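# Quick check, what structure comes out for this input:
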Amino acid sequence: MTDTVAGFNPGGIISGSFKATDKLGGKDVSGSVSFKNISAMYEPFTVSNLNGTVNIASIDDVSCNGLTGLLNGEKFTTSFSYRNIKEVMNIVFDLDLAKFKLDKLPAAQQPAASEETAQTQAPAQAQQPAAQTAASASSNLLMNVKANVKVGPIDVPYFRADGFTLSANLTDVTDTMTKTNGQVTFKLQPGAITDLDSFVKENKVVKILLLPISIVRKVAAALNVELFPAQENAKKGEISYDSAEGVYTFVNGVMRVDKTTFNSKLTDISGSGNINFLTKELDMKVSATVLTSQTPVVIKIGGTMDSPSGKLD
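Numbers count the residues shown, from 1 in each chain. Next up is the predicted model:
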């Protein structure tokens, strides 16, 4: 089967046993799958020396107490569980990865040719309900997520860091984040963002974690306040930092920025406030000290996520 995927290069041994019936709408499947020294490649990711067992209580209840292996040559351990309860996906995920390096980001997925052809051939009046149904299904998909992630040195396009930790406990997560409740915390060790705009566009999780900094940068530029002066030997547009941290609490789709800090050799930034995913409205206050000017700056931020505005306090 893997011959249909160029460069997949599978190796190792997969073994297991299953029991299945046609009950419960075809979801009555149970068993386990064991991996022994599995290797596979899916550009730009390579997994090798994968060992562990995945337990399947049903199609809606899958878990693993521990998988070990190498991701792009670096050691990792992970455990996870997935349970679909009343059409709500409950996901628990733990990951400890020694190092993460990517020379390029995964290619963006394109619609299948058959899908494009079907849309072209379908009557115009039928296309709109179909598109609305797909969009509605995507935005209404509910997830509860608990995650603990620890990664050593990171070097990927637009970003590098000496280390990263993240903890999340969220309920009612949707595509639009308009129903979300819970908390997310993260910490970044020294590193640099070489292209902030490109980096946040590539990944929705990254976009949310760095959303306060993205907004602050945009507003400061409009006010002609240089919060990220270039450091010596830094590339143009590069934002170097010594540490960064965020604590966000979600209440019914409103992200309260309990804490956001971004410290570098030239700039110390801290902020708090609210980002409303329902109305897109902003209500934040940011304090910054730029060492080159020695003058503390406080900016009140309003407007919307798409069109933030600010004024010096």
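# What separation do you get for K27 and V145?
K27 sits 22 Å away from V145, going by Cβ to Cβ, to the nearest Å. In this view, the C-beta of every residue, glycine as well, is placed from N, C-alpha and C.
# And D175, by the same measure?
D175 is 13 Å from V145, where distance means Cβ to Cβ.
# quick one, which of these two is more surrounded?
Neighbour count, other Cβ atoms under 10 Å: between D175 and V145, V145 has more, with 18 against 13.
# In the helix or strand encompassing the more buried one, which residues are buried?
Following DSSP states H and E, the helix or strand that holds V145 is strand 142-151. Within strand 142-151, the residues that count as buried by 16 or more other Cβ atoms under 10 Å are M143, N144, V145, K146, A147, V149, V151.
# Which strands border the next helix or strand after that strand, and is each parallel or antiparallel?
Counting by DSSP H and E, the element after strand 142-151 in chain order, helix or strand, is strand 154-156. Applying DSSP bridges, strand 154-156 is found paired with strand 100-101 (parallel), strand 159-161 (antiparallel).
# Out of those strands, flag the one nearest M89.
Ranking those by proximity to M89 (Cβ to Cβ) places strand 100-101 first, at 25.0 Å.
# Sketch out the low-pLDDT regions of the stretch 1-150 of the chain for me.
Within the stretch 1-150 of the chain, the segments meeting pLDDT under 70 span 1-3, 107-140.
# Now do the strands in it.
With strands called from DSSP state E, counting those that start in this stretch, the stretch 1-150 of the chain shows them at 11-20, 29-42, 45-58, 61-71, 74-85, 88-97, 100-101, 142-151.
# by how many degrees do the second one and strand 11-20 diverge?
So the one you mean is strand 29-42. 160 degrees (axes from the mean of the first three to the mean of the last three Cα atoms, to 10 degrees).
# Pairing partners for strand 29-42, with directions?
Using DSSP bridges, strand 29-42 pairs in its sheet with strand 11-20 (antiparallel), strand 45-58 (antiparallel).
# Quick check: beta-bridge partners of V156?
F159.
# To clarify, my last question referred to G16.
Beta-bridge pairing for G16 (DSSP bridges): V33.
# Let me see the contact set for it.
Each residue near G16 by Cβ atoms under 8 Å, 6 or more residues apart in numbering is listed here: G31, S32, V33, S34.
# and among the strands paired with strand 154-156, the most buried is which?
Compared across the strands paired with strand 154-156, strand 159-161 shows the largest average neighbour count, a mean of 21 (mean count of other Cβ atoms under 10 Å).
# Can you point out the buried residues in stretch 52-72?
52-56, 59-62, 64, 67, 69-72.
# Same check on stretch 275-285?
Buried-residue list, stretch 275-285, by 16+ other Cβ under 10 Å: I275, N276, F277, L282, D283, M284.
# Just the ones in helices from these, please.
Counting by DSSP state H, these place none of their members in helices.
# Taking these together, which two end up most distant?
F277 and M284 (14.1 Å).
# for the most centrally placed residue in the chain, what are its contacts?
Centroid-nearest residue in the chain, with Cα atoms, centre = their mean: V205, separated by 2.5 Å. Neighbour list for V205: empty [criterion: Cβ under 8 Å, 6+ apart].
# And it, which helix or strand is it part of?
V205 belongs to helix 204-209, assigned by DSSP H and E.
# now that helix, how far from the centre of its chain.
Computed by Cα atoms, centre = their mean, to the nearest Å, the chain-centroid distance of helix 204-209 equals 5 Å.
# got it, and stretch 218-229?
Distance of stretch 218-229 from the chain centroid (Cα atoms, centre = their mean) equals 26 Å.
# Repeat that for stretch 179-187.
For stretch 179-187, the gap between its own C-alpha mean and the chain's C-alpha mean amounts to 12 Å (Cα atoms, centre = their mean).
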